[in-house]
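Engineer: Sequence unavailable; structure follows:
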Ligand SMILES: Nc1ncnc2c1ncn2[C@@H]1O[C@H](COP(=O)(O)OP(=O)(O)OP(=O)(O)O)[C@@H](O)[C@H]1O
């Protein structure tokens, strides 16, 4: 995003002579201010009553004030103060706004409610009036100026960044990071904050001008930088009484403020244009997933013979009384297992409950749905009492997930190497010193060139992206892989290659695979056993060849006849 921002800014400037002139002027002014001690030998506070109120001349380019001080020198040193205070204030404001906005947007619930109310209350006051009150209470000076400005400016940032966080947190790649067991702090700093850099930069540019104005206004009112230290606002105040006989006293700082504020707003506009159109989507109910259940996980006795995944009479209902579907049964005593080195195909038409089962196996069942009967066991352990942290250790380590849409599962601002590396870093399955080698190995295993690690998701084809997602799912060598419609978004030939890859990897790693699909031909190519689901009930289950060649249930027969181009039943390995 910052790359695109700088590219767009330079492209906009190339097309815009006014922008170039503004940039040159403000750049020169800022440079002169920064280098003030080298540009001018005069002391900005040294008085010389013999030279009081002299108009601009070769000796005093911008004249002198009523103490005989050189206005040009004071303008440059005053600019250092104004700009430094503004930059420090922006940093403070951004830091508070970013932390509060991200925390409120990401955690939601009570945290969001409390922070949201605080933001609302602070935003209800006019910013400058509140800043005047805070600065007056603190007694003026540079510190109180920064505190006053920071205290009143952060809520606007927090509110905007909260909204951005809500959007980013619902992106597929953030959800994917969660399902891969990435810790919250890493999701916040890596996925959420990185994606907010663009909006943050634009906000900072937009507000820099406003903050300089506010700083100047407070100093103008005598609540900021105390005389004789020069500052543009206080210079305006000092020159105000003599404006009619010595207009240069107000013109110089006035023009400087005007130029800096105009430039900041102008460039912020360009920056805002260049970052518009971000793709955002999705509801914001995932935060409820974090709610842990009451009891801690029990000590896990793991029978060697236990299947990797077992659904034992699993019943799921809509339990939230606020849902219009409250009381509806989604899964009815579903029972089947997935063992090591076995690929189980879960087939069912849309709405039959396939995704609900896949989510149960990852501990991602969302309110208003809840497990109301039976048990979901992973390697023999009942997961009912697992808390969020227990699941976090399992996801991405013992259980890998491959989703339908690889693009939404990948973070657009991180390279492939970083994203695979992050999954390894989230768990201890691969030792830190072995991670670089494992990265190369897994990239090779999924059939991608080594160069892919330095590339970004948008530089890859759909099939390559799905290979990356598979690499992320297997990099920690899980025992179980959940593949939820992993080939639906791909063309037929890519589908075939991805299916072969999953089957080969399953054999290579001895993986148990739960392969969810509505497409019988896909299941026929990869699955050893099939489970046919209809309206939340298992209607038929058995070895793939047996079920497909001699279906017992009328529903299974109907499904096969419904395959496009298929008169009677699907051929194995037909895809
Ligand atoms: N939050 C919810 N509230 C009420 N009903 C829900 C909710 N989530 C899912 N359902 C219902 O549960 C049933 C199973 O949904 P699920 O998403 O598991 O089906 P699916 O087989 O994966 O379908 P698809 O292939 O279209 O994704 C559907 O009838 C759906 O309407």
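Structural biologist: Perfect, thanks for sending it. The model shown is predicted, which means the values in this text are computed figures rather than measured ones.
Engineer: can we go C-alpha only for contacts and neighbour counts from here?
Structural biologist: Will do.
Engineer: Might you report the residue contacts of the most centrally placed residue in the chain?
Structural biologist: For the chain, the residue lying nearest the average C-alpha position, counting by Cα atoms, centre = their mean, turns out to be residue 192 (2.3 Å). Contact partners of residue 192, counting by Cα atoms under 8 Å, 6 or more residues apart in numbering, are 102, 165, 168, 169, 174.
Engineer: Could you find the closest non-adjacent residue to residue 233?
Structural biologist: Nearest residue to residue 233, sequence neighbours excluded (Cα to Cα, 6 or more residues apart in numbering): residue 216, at 3.7 Å.
Engineer: Around the one you found, count how many other residues there are.
Structural biologist: Other residues lying near residue 216 total 28 when counted by other Cα atoms under 10 Å.
Engineer: So what's the gap between the helix or strand where it lies and the chain middle?
Structural biologist: If you go by DSSP states H and E, residue 216 is part of helix 193-220. Here helix 193-220 is found 21 Å from its chain centre; the criterion is Cα atoms, centre = their mean, to the nearest Å.
Engineer: With stretch 11-20 instead?
Structural biologist: Stretch 11-20 has its average C-alpha position 31 Å from the chain's average C-alpha position, going by Cα atoms, centre = their mean.
Engineer: average pLDDT for it?
Structural biologist: Across stretch 11-20, the average pLDDT comes to 75.
Engineer: Whichever residue of the stretch 401-550 of the chain sits closest to the ligand - how many residues pack around it?
Structural biologist: Nearest to the ligand in the stretch 401-550 of the chain, going by Cα to the nearest ligand atom, is residue 518, at a distance of 6.4 Å. Neighbours of residue 518 under the rule other Cα under 10 Å: 21.
Engineer: isn't it right next to residue 350, touching?
Structural biologist: Yes: between residue 518 and residue 350 there is a contact at 7.2 Å, judged by Cα atoms under 8 Å.
Engineer: before we move on, the earlier item: contacts only, for the residue nearest to residue 233.
Structural biologist: By Cα under 8 Å, 6+ apart, the contact list for residue 216 reads 82, 224, 231, 232, 233, 234.
Engineer: list the contacts for the last one?
Structural biologist: The contact partners of residue 234, by Cα under 8 Å, 6+ apart, come to 216, 219, 220, 221, 222, 224, 225, 226, 227.
Engineer: make it 7 Å
Structural biologist: Residues counted as contacts of residue 234 (Cα atoms under 7 Å, 6 or more residues apart in numbering) are 216, 219, 220, 222.
Engineer: swap in the fourth one?
Structural biologist: Residue 232 makes contact with 75, 78, 79, 82, 216, 253 under the criterion Cα under 7 Å, 6+ apart.
Engineer: returning to that earlier point: look at the residue nearest to the centre of the chain and report its pLDDT.
Structural biologist: Reading off the confidence values, residue 192 has pLDDT 77.
Engineer: Residue 478 contacts residue 397, doesn't it?
Structural biologist: Yes: in terms of Cα atoms under 7 Å, residue 478 counts as a neighbour of residue 397; the distance is 5.3 Å.
Engineer: who's more crowded, these two?
Structural biologist: In this view residue 478 and residue 397 are compared by other Cα under 10 Å, and residue 397 has more residues nearby, 26 against 21.
Engineer: so how far is the ligand from that one?
Structural biologist: According to Cα to the nearest ligand atom, to the nearest Å, residue 397 stands 24 Å off from the ligand.
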